[in-house]
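[1] Dropping a prediction and its sequence here:
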Number of protein chains: 2
Amino acid sequence: MDHLSITFAALADPTRRAILARLALGEATVGELAEPFELRLPTVSKHLKVLQRAGLVSQSRKAQWRPCQLEAAPLKDAAEWTELFRRNWEERFARLDARLEQTKKEARRGGDER
Amino acid sequence: MDHLSITFAALADPTRRAILARLALGEATVGELAEPFELRLPTVSKHLKVLQRAGLVSQSRKAQWRPCQLEAAPLKDAAEWTELFRRNWEERFARLDARLEQTKKEARRGGDER
DNA sequence: TTGCTATTTCGCCATTCAGCTAATTAGCCG
DNA sequence: CGGCTAATTAGCTGAATGGCGAAATAGCAA
């Protein structure tokens, strides 16, 4: 699987997006991350593994805790893809729109030349 | 499932992103979309349904053809979420970084006042 | 060592998903 | 009508996913 697909897949879950939002406020342990959701630890642990596979989260060690930290790089890639795509398309759309406008104008002032 | 999750999930497949890219060039029938991939029609049809559920593609009818068209609105939502998140986080990161810089400076010039 | 806490790994189950083939529907044309 | 093409639906598979509880691991503390 390509990087972009893995990133989008990781973002395609509200729980995982909430985890990311929480991590944006600063490091947190797995337990701390689990607390606001009504989810068992193993479940959260699995979500974290998905996020790590996407490179969105990294984990360090402090005694028996494994604090998680946000990593923004893949998010940047995803944002870039989406933005670029959208911009390209809107440009194209604008050009198409202009052409239709033009055609309409020609039709109004002449009818069937061309 | 929420809108954003559905959109991200739809984007989390290279085939579907390729279909969107093709549609950015203009309308296409299901057969035309299927051709460049080595995929059977029903498979492409299923991908299209996922894209439609996400509101990324709309389908009209022309005789026995069902030309597909790109719809950009959900992409905008996804881009916005990602960009906003990233920007927020980078701001926060910059602030944290500045604070660390500050702490380092204080440590250098004094040691343990606080 | 024993015990306590934090976290992961291991199975298990139900659901979803990407792919296929075969069959069905929809619409044209002769 | 009958035949042709386009596309969808139905039904199947294997793989992945999200949830769980139970067991294993890692590290501190007494």
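    Now that the structure is in, tell me what you want to look at.

[2] Show me what the biggest helix by length in chain A is packed against.
    Longest helix of chain A, by residue count under DSSP state H: helix A:73-109. Contacts defined by 3 or more CB pairs under 8 Å, 6 or more residues apart in numbering or on different chains; DSSP states H and E place helix A:73-109 against helix A:3-11, helix B:14-24, helix B:73-109. Glycine gets a C-beta too; all of them are placed from N, C-alpha and C.

[3] Compute the inter-axis angle for the lowest-mean-pLDDT helix or strand in chain A and helix B:3-11.
    Lowest by mean pLDDT, DSSP states H and E among the helices and strands of chain A is helix A:73-109, with a mean of 83. On the basis of axes from the mean of the first three to the mean of the last three CA atoms, to 10 degrees, helix A:73-109 is oriented at 90 degrees to helix B:3-11.

[4] For helix A:73-109, what is the distance to the chain centroid?
    Chain-centre distance of helix A:73-109: 21 Å, with CA atoms, centre = their mean, to the nearest Å.

[5] which of the residues in that helix are buried?
    Going by neighbour count (16 or more other CB atoms under 10 Å in any protein chain shown), the buried part of helix A:73-109 is A:74-75, A:77-79, A:81-83, A:85-86, A:89.

[6] try stretch A:16-35
    When burial is assessed from 16+ other CB under 10 Å, stretch A:16-35 yields the following buried residues: A:16-17, A:19-20, A:22-24, A:28, A:30, A:33-34.

[7] quick one, what contacts A:V57?
    Counting by CB atoms under 8 Å, 6 or more residues apart in numbering or on different chains, A:V57 touches A:19-20, A:23, A:48, A:51, A:68-71.

[8] can you do 7 Å?
    Shown in contact with A:V57 (CB atoms under 7 Å, 6 or more residues apart in numbering or on different chains): A:23, A:48, A:51, A:68-71.

[9] Closest one of those to B:S5?
    A:L51 (14.7 Å; CB to CB).

[10] in the sheet, who's paired with the residue nearest to the closest one when sequence neighbours are not counted?
    Computed as CB to CB, 6 or more residues apart in numbering or on different chains, the closest residue to A:L51 that is not its neighbour in sequence is A:V57, at 4.1 Å. The partner list for A:V57 in beta bridges (DSSP bridges) reads A:L70.

[11] So A:V57 versus B:L56, what's the distance?
    Note on A:V57: its distance to B:L56, by CB to CB, to the nearest Å, is 27 Å.

[12] for A:H3, same thing?
    Distance, A:H3 to B:L56, using CB to CB: 21 Å.

[13] The two: which is more packed in?
    Shown here are A:H3 and B:L56; by other CB atoms under 10 Å in any protein chain shown, B:L56 has more neighbours (25 against 12).

[14] picking up where we left off before, run the angle between the least confident helix or strand of chain A and helix B:14-24 for me.
    Using the same axes, to 10 degrees: helix A:73-109 against helix B:14-24 is 30 degrees.
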